[in-house]
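Undergrad: Model the structure of this input:
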Amino acid sequence: MAQQVTLSDDHVSPRSYDIGKIRRDFPVLNRDVASGAQLVYLDNAATSQRPVQVIAEITRFYRDHNANIHRGVHTLSEEATALYENVREQTRSFINAYDAREIVFSTGTTASINLVAYGWGRKFLQAGDEMVVTELEHHSNIVPWQILRDERDITLKFIPMAPDGTVDMDAARKLIGPKTKLLSISAMSNALGSILPVAELVSIAKEHGATVLIDGAQAIPHMPFDVQTMGADFVAFSGHKMLGPTGVGVLWGRLDILESMDPFMSGGDMISTVSLDSSTWADVPHKFEAGTPNIAGVVGFGAALKYLMNIGMDEVRAHELDLTQYTLDRLGDTPGVEIFGPPEVKARGGVVSFSLEGVHPHDIGQVLDDYGVAIRAGHHCAQPVMAALKVPATARASFYIYNTRDEVDTLVNAVEETSRIFGNRS
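TA: The predicted structure follows:
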């Protein structure tokens, strides 16, 4: 039995929302960018920054515990295995899953969705079946289903986006029907910040016996998320958007469904027996974790979960609601700015996508970088959203636990200066 190894308590995370203390855990926020301005990092929907606790835990793993997992009887291997499996239980607790065996580690949300497409979709979907997604999806929740559609002659339907960036629920009720075998939806749009009515959509799908996958990449890092109350069958999310390392993701799936699925990848550690004639698979979740995983990354992800749990996800959500409302108010008063997405702040996550009259979003992003402000400019891997908005791209500011109103002021001032540079204002 692997010995119990716990995460270090060095640099203990805050237990109340102390923004100053939180920011001290992120040294990168103190650096100057190429222009000489201090960094204002507002590209959190793409990836978050990492606190010193996560960086230290990864370093500590490589320094003190580095070994492969599940295969050795020596001390380091048992310690590494315990650290890795402890994070599986942490993850179960964070999303309130029923059983730690329902937590499958992957390389990210994209890999988790592809795991479902290959391991579940190719086994259980057939010609004539229907899959339903929304126009608000990230490409990673569209392209795998397009490939499966073309391979198996399955119909893929899209719930349209309403003009305010929400889901057209009247259309959803018409599109989800007896032939629907899969509903795959984001809990929150990465392009607009729109929070989808997941409970209602899941309820409609379940009335028709459909399987449901939720892309939680944008929602889970920013608000309380309970898979038991969601009613879905799969949830996918990524560690790097919630203070953790890149290359670590999670697929949560109902245990009975995971057990019925075929492996996505095959090789070492996902087998029970191998002979020259045949092989049998390991039990869930190891059946889906072939090869040597990103052990240090998973350990670092555990430190990220601990950090967020010590703050409290209710507190994270409240902080971002305040920043988002402040940004909507300030940018909304800026001449030439058009804000996309739901007007009601509670229908949003911490994302504000906008345009500036006469200025391409890439130009906005470049000028803002001169003021130290890091945003994302482009289609945000959501080209159908841009097509529905009839724009080529947007500028997107996205917030997280360490952002402040002062940083929003810097953003707005830089947008106003961008407008002046391009001749929109005197």
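
Undergrad: Can you name the residues bridging to residue 238?
TA: Assessed by DSSP bridges, residue 238 has beta-bridge partners residue 249.

Undergrad: So what's the residue count around it?
TA: By other CB atoms under 10 Å, the residues close to residue 238 number 29. In this view, the C-beta of every residue, glycine as well, is placed from N, C-alpha and C.

Undergrad: can you tell me which residues contact it?
TA: By CB atoms under 8 Å, 6 or more residues apart in numbering, residue 238 lies in contact with 108, 109, 217, 248, 249, 250.

Undergrad: So which residues of the stretch 1-150 of the chain form strands?
TA: Along the stretch 1-150 of the chain, the stretches classed as strands by DSSP state E, counting those that start in this stretch are 40-41, 103-106, 130-134.

Undergrad: Tell me which of those approaches residue 274 most closely.
TA: Smallest distance to residue 274 across these (CB to CB): 21.2 Å, for strand 103-106.

Undergrad: what's the closest one packed up against?
TA: Secondary-structure packing of strand 103-106 (3 or more CB pairs under 8 Å, 6 or more residues apart in numbering; DSSP states H and E): helix 75-95, helix 109-116, strand 249-253.

Undergrad: mind running it again at 7 Å?
TA: Judged by 3 or more CB pairs under 7 Å, 6 or more residues apart in numbering; DSSP states H and E, strand 103-106 is in contact with helix 75-95, strand 249-253.

Undergrad: Now distance to residue 328 and mean pLDDT too, for the ones you listed, in a markdown table please.
TA: A markdown table is the format used below for these (distance: least, CB to CB, whole Å; pLDDT from 0 to 100):
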| stretch | distance to residue 328 | mean pLDDT |
| --- | --- | --- |
| helix 75-95 | 29 | 98 |
| strand 249-253 | 31 | 98 |
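
Undergrad: out of the ones you listed, deepest packed?
TA: Mean neighbour count (mean count of other CB atoms under 10 Å) peaks for strand 249-253 among these, with a mean of 28.

Undergrad: Tell me the helix or strand right after that one.
TA: Per DSSP states H and E, the first helix or strand lying C-terminal to strand 249-253 is helix 255-260.

Undergrad: Show the average pLDDT along that following helix.
TA: Averaging pLDDT along helix 255-260 gives 98.

Undergrad: do the same with stretch 232-241
TA: Stretch 232-241 shows a mean pLDDT of 98.

Undergrad: Please render the helices and strands packed on strand 103-106 as JSON lines that adds distance to residue 394 to the earlier fields.
TA: Below are the helices and strands packed on strand 103-106 laid out as JSON lines (distance: least, CB to CB, whole Å):
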{"stretch": "helix 75-95", "distance to residue 394": "30"}
{"stretch": "strand 249-253", "distance to residue 394": "26"}
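
Undergrad: Nearest to residue 401 among those would be which one?
TA: Within the helices and strands packed on strand 103-106, the stretch nearest residue 401 is helix 75-95; the backing value is 15.2 Å (CB to CB).

Undergrad: Measure how the closest one sits relative to strand 249-253, angle-wise.
TA: Relative orientation of helix 75-95 versus strand 249-253 (axes from the mean of the first three to the mean of the last three CA atoms, to 10 degrees): 60 degrees.

Undergrad: got the domain boundaries for this structure?
TA: Listed domain ranges for the chain are 63-309, 312-419 (source: automatic domain parsing).

Undergrad: Tell me which of those sits nearest to residue 53.
TA: Nearest to residue 53, of all these, is domain 63-309, at 5.1 Å by CB to CB.

Undergrad: chain center to that closest one: distance?
TA: Distance of domain 63-309 from its chain centroid, counting by CA atoms, centre = their mean, to the nearest Å, is 11 Å.

Undergrad: Now do the end-to-end distance for it.
TA: Between the start and the finish of domain 63-309 there is a gap of 26 Å, counting by CA to CA, to the nearest Å.

Undergrad: likewise stretch 193-210?
TA: Start-to-end span of stretch 193-210 (CA to CA) is 26 Å.

Undergrad: Check which residues of that stretch are buried.
TA: Buried residues in stretch 193-210, defined by neighbour count with 16 or more other CB atoms under 10 Å: 193, 194, 195, 196, 197, 198, 201, 202, 204, 205, 206, 210.

Undergrad: How about the third one, nearest residue that isn't a chain neighbour?
TA: Nearest in space to residue 195, with sequence neighbours left out and distances taken as CB to CB, 6 or more residues apart in numbering, is residue 188 at 5.1 Å.

Undergrad: Let me see the contact set for the one you found.
TA: Counting by CB atoms under 7 Å, 6 or more residues apart in numbering, residue 188 touches 194, 195, 196, 218, 219, 349.

Undergrad: go on, residue 297?
TA: Residue 297 neighbours (CB under 7 Å, 6+ apart): 245, 247, 248.
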